[in-house]
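> I'd like to go over a predicted model; first the sequence, then the structure.
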Amino acid sequence: MARLLITGGAGFIGSHTCLVLLNAGHDLVIFDSFVNSSHFALERVAHLCGISSCEQNIRMKIIKGDIRDQVALKNLFTDATDEDRPIEAVIHFAGLKSVSESINNPMLYWDVNVNGSRCLISTMNKFACTTLVLSSSATLYGAPKSIPIAETASIQPINPYGKTKAAIEQMLSDLKGVNNNWRIASLRYFNPVGAHPTGHIGEDPLDTPHNLFPFLSQVALGKLKLLKVFGGDWPTPDGTCIRDYIHVMDLAEGHLYALDFLLGNSPEMIILNLGSGIGHSVLEVINSFKKTTGKDIPYEIVARRPGDASIAVADPSKAKEKLGWSTTRTLSEICQDGWNWQVTNPNGYSERIV
Ligand code: NAD
Ligand code: WQD
């Protein structure tokens, strides 16, 4: 079993992936600035994995820091080597992910996402740690020309956030061109949603959410009054946009498969879609959520949201072929688990349950 560095491991996808990796027997160093997450998420991960406080420093060491801080990164690799447990691979989640914030503050996104990734990757290079699993995003396909979207589709991001993801992939491809020791998996997530089935960990947006699932859950809870459905005149069967929603536990497991693939094969850079290959419209999501939870979801159809694509659904066949991974959880399980998290933690991690 390997010792892994997980950047952004306290976040939504990171916390679920830490759980899967710990259960698979890996030991983790978790590096996070906590700018968009809570240390309670990691306490709950430890609790779910049965890791006691005295084991914690060995199984999941937590370090607060910023990926743009090269001294902190260097110390982290040096300390791991001094402990005689060097870091063998990195799973890199840390970054900022709001499309609207990236439009209003593009320099912040170029700094955190691209410069932060550059700092991390150059530190890894110095320590000859050349195995990396990267959080990329389907957002870099922009408005796709054909559905389902294969990895060969053109990269045409339409917002600064998407451009930073495309730039990170390009940076890694250039690096691989001059150093063939690198083993890289760039995972292009579609729409990650849901929560761990226990309801102990889940997505905890700091402000009013912009994404469909957290917004919907807060309407069901009565914290928000009404869901605005952005557009009822899209060229889809019911007129609302179609997306490929992927349960966060399926996504988390995809990282374990990607890591096993990289560690078990000769060095290469693979780029993979992580999605279900199944599309659901906004109205289908609302209906499934209502059916699963028994909660009413008041909604109204309003104007289209600028920048939305009509349909975005993955062709997930390459991940299946390369990794043997595919999703197993349904939309109904997504709704059930997401709602369980929301109802057990109406105020997210600010209320402790362990
Ligand atoms: P998140 O915000 O919940 O997690 C990101 C984590 O990174 C947080 O814990 C945050 O505190 C940390 N972080 C941010 N800036 C940092 C910095 N400078 N230094 C150290 N830590 C920092 O987001 P998430 O949904 O878990 O997303 C994880 C990754 O997946 C991100 O790179 C995101 O761009 C990518 N992604 C997310 C989605 C999505 O819809 N959630 C879709 C595609 C790709
Ligand atoms: C889904 C659908 C909306 C909110 C975003 C990012 C993308 C990636 C995943 C990081 C769309 C509709 C939404 C609402 C609505 N993140 N909607 N009312 O836009 O597909 O993808 O998250 O990489 O980069 O852009 O997800 O959840 O915002 O929207 O009708 O209040 O729900 O129009 O059709 P999106 P989303």
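Received, thanks. Ligands and ions are numbered 1, 2, ... in the order given.

> ok now do L227, which residues does it touch?
Neighbour list for L227: 215-216, 219, 286, 297-300 [criterion: Cβ atoms under 8 Å, 6 or more residues apart in numbering]. Using the backbone N, CA and C atoms, a C-beta is placed for each residue, glycine as well.

> Quick check, pLDDT for it.
For L227, the model assigns a pLDDT of 98.

> Give me the phi and psi angles of it.
With angles defined as degrees, to the nearest 10, L227 sits at phi -90, psi 130.

> for K291, same thing?
phi -70, psi -40.

> so it makes contact with Q336?
No - with contact defined as Cβ atoms under 8 Å, K291 does not reach Q336; the gap is 10.1 Å.

> Those two: which has the busier surroundings?
Q336 (20 against 11; other Cβ atoms under 10 Å).

> quick one: contacts for the more buried one?
So Q336 contacts 197, 292-293 (Cβ under 8 Å, 6+ apart).

> Just confirm yes or no for stretch 52-70 near ligand 1.
Yes - using Cβ under 6 Å from any ligand atom, we find that stretch 52-70 touches ligand 1 at 66-68.

> Skipping adjacent residues, who's closest to F261 in space?
Counting by Cβ to Cβ, 6 or more residues apart in numbering, F261 lies nearest to L323, which is 5.2 Å off, once chain neighbours are set aside.

> residue contacts, V90?
Per Cβ under 8 Å, 6+ apart, neighbours of V90: 4-7, 120, 124, 129, 131-133.

> I should have written S288 there, sorry.
Counted by Cβ under 8 Å, 6+ apart, S288 has contacts 280, 331-332, 335.

> Switch those residues over to TSV; also include neighbour count.
Formatted as TSV, these follow (neighbours: other Cβ atoms under 10 Å):
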residue	neighbour count
H280	20
L331	20
S332	12
C335	27
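
> just the residues you listed now: which is nearest ligand 1?
H280 (15.3 Å; Cβ to the nearest ligand atom).

> hey, what's the closest one bridged with?
R243 (DSSP bridges).

> picking that back up, which of the contacts of Q336 fall in helices?
The helices, defined by DSSP state H, take in 292-293 from the contacts of Q336.

> Can you select the buried ones among the contacts of Q336 for me in ChimeraX?
Buried residues among the contacts of Q336 (16 or more other Cβ atoms under 10 Å), as a ChimeraX selection:
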select :292,293
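
> can I get the contacts of Q336 in JSON lines with distance to ligand 2 and pLDDT?
Output for the contacts of Q336, formatted as JSON lines (distance: Cβ to the nearest ligand atom, whole Å; pLDDT from 0 to 100):
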{"residue": "P197", "distance to ligand 2": "21", "pLDDT": "98"}
{"residue": "T292", "distance to ligand 2": "18", "pLDDT": "93"}
{"residue": "T293", "distance to ligand 2": "17", "pLDDT": "91"}
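
> Which members of the contacts of Q336 additionally contact ligand 1?
Near ligand 1, by the rule Cβ under 6 Å from any ligand atom, you find none of those.

> follow-up on the earlier one: and ligand 1, which of the contacts of S288 contact it?
Applying Cβ under 6 Å from any ligand atom to the contacts of S288, none is adjacent to ligand 1.

> Look up the pLDDT of the residue in the stretch 1-150 of the chain positioned nearest to ligand 1 for me, please.
Closest approach of the stretch 1-150 of the chain to ligand 1 (Cβ to the nearest ligand atom) occurs at G11, with a separation of 2.0 Å. In this model, G11 is scored at 98, pLDDT.

> what's the neighbour count on it?
Residues near G11, counting by other Cβ under 10 Å, number 26.

> residue contacts, the closest residue to it other than its chain neighbours?
Closest residue in space to G11, ignoring its immediate chain neighbours: S37 at 4.7 Å, by Cβ to Cβ, 6+ apart. Residues near S37 by Cβ under 8 Å, 6+ apart: 8, 10-12, 14-15, 204.

> how near is S37 to W110?
Going from S37 to W110 by Cβ to Cβ, to the nearest Å gives 22 Å.

> Likewise for A303?
Distance check for A303 against W110: by Cβ to Cβ, it reads 30 Å.

> Those two: who's more crowded?
Applying other Cβ under 10 Å to A303 and W110 shows that W110 carries more neighbours, namely 16 against 10.
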